[in-house]
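A.B. asks: Fold the stuff below for me.
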Amino acid sequence: MVHQIWAALLYLCGILLNSIYQCPEYSQLTTQGVDGKEFPEPHLGRWYFIAGAAPTKEELVTFDPVDNIVFNMATGSAPMKLQLRATIRMKNGLCVPRKWIYHLTEGSTDLRTEGRPDMKTKLFSSSCPGGIMLKESGQGYQRFLLYNRSPHPPEKCVEEFQSLTSCLDFKAFLRTPRNQEVCELSSN
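C.D. replies: Below is the predicted model of the structure:
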């Protein structure tokens, strides 16, 4: 009997704590971006991949062999398209170029990846200066990714990202080491 009362009391305390403690706020970016500029203009240019979080380690395994990634986001060849180029520095020193085309969604910051109809990308603001978060979801995975204009943002930025994603039950966390030189982005 005492055990049942104790278990019920602990259960009620858990509910109370859960109702008091909420995850920190994060907000999806709107089409009216930074400084009143229309999306995607404030988000064009160079970005560095800093960290990722997912519900399981398997959803981040693609980043295990990576030392660093630098991206360049530019307007595409047609309206409502963005060209994303990346150069991935692998831990073994090799540089691997990649290209994607994102399709913009009218009146939204949601992005669709050309050739991957199951993949959806949402953009979120970050409390970190020069930072942005992406939530990618597709067939069998979902993950938050932290990007910054600087290859080495303040440690507080990474800690806040990890805290937020952990609160959202994205318990697996990966930070790129960024020990090697960044590969230069190709111009084509």
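A.B. asks: Does residue 80 touch residue 106 like I think?
C.D. replies: Yes: if you go by CB atoms under 8 Å, residue 80 and residue 106 touch, sitting 7.5 Å apart. Every residue, glycine included, has its C-beta placed from N, CA and C.
A.B. asks: From the neighbour counts alone, determine which of those two ranks first.
C.D. replies: Neighbour totals were compared for residue 80 and residue 106, and residue 80 leads with 11 against 7 (other CB atoms under 10 Å).
A.B. asks: Give me the helices and strands touching the strand or helix carrying residue 132, please.
C.D. replies: Taking DSSP states H and E as the criterion, residue 132 maps to strand 131-138. Secondary-structure packing of strand 131-138 (3 or more CB pairs under 8 Å, 6 or more residues apart in numbering; DSSP states H and E): strand 116-125, strand 141-148.
A.B. asks: Of those strands, flag the one that's most buried.
C.D. replies: Highest mean neighbour count of the helices and strands packed on strand 131-138: strand 141-148, a mean of 21 (counted as mean count of other CB atoms under 10 Å).
A.B. asks: related to what we said a few turns ago, okay if I get the helices and strands packed on strand 131-138 as TSV plus mean pLDDT and distance to residue 73?
C.D. replies: Shown next, in TSV, are these (pLDDT from 0 to 100; distance: least, CB to CB, whole Å):
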stretch	mean pLDDT	distance to residue 73
strand 116-125	85	11
strand 141-148	94	10
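A.B. asks: I'd like to know which of the ones you listed is closest to residue 49.
C.D. replies: Of all the helices and strands packed on strand 131-138, the one in closest proximity to residue 49, counting by CB to CB, is strand 141-148 (5.9 Å).
A.B. asks: thinking again about what came up before, show me which positions of the strand holding residue 132 end up buried.
C.D. replies: 131-136 (16 or more other CB atoms under 10 Å).
A.B. asks: Also stretch 95-110?
C.D. replies: Buried residues in stretch 95-110 (16+ other CB under 10 Å): 100-102, 104, 109-110.
A.B. asks: In strands only, show me those residues.
C.D. replies: Among those, the members found in strands (DSSP state E) are 100-102, 104.
A.B. asks: okay, the helices and strands packed on strand 131-138 in JSON lines with distance to residue 88 next?
C.D. replies: Converted to JSON lines, the helices and strands packed on strand 131-138 look like this (distance: least, CB to CB, whole Å):
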{"stretch": "strand 116-125", "distance to residue 88": "18"}
{"stretch": "strand 141-148", "distance to residue 88": "13"}
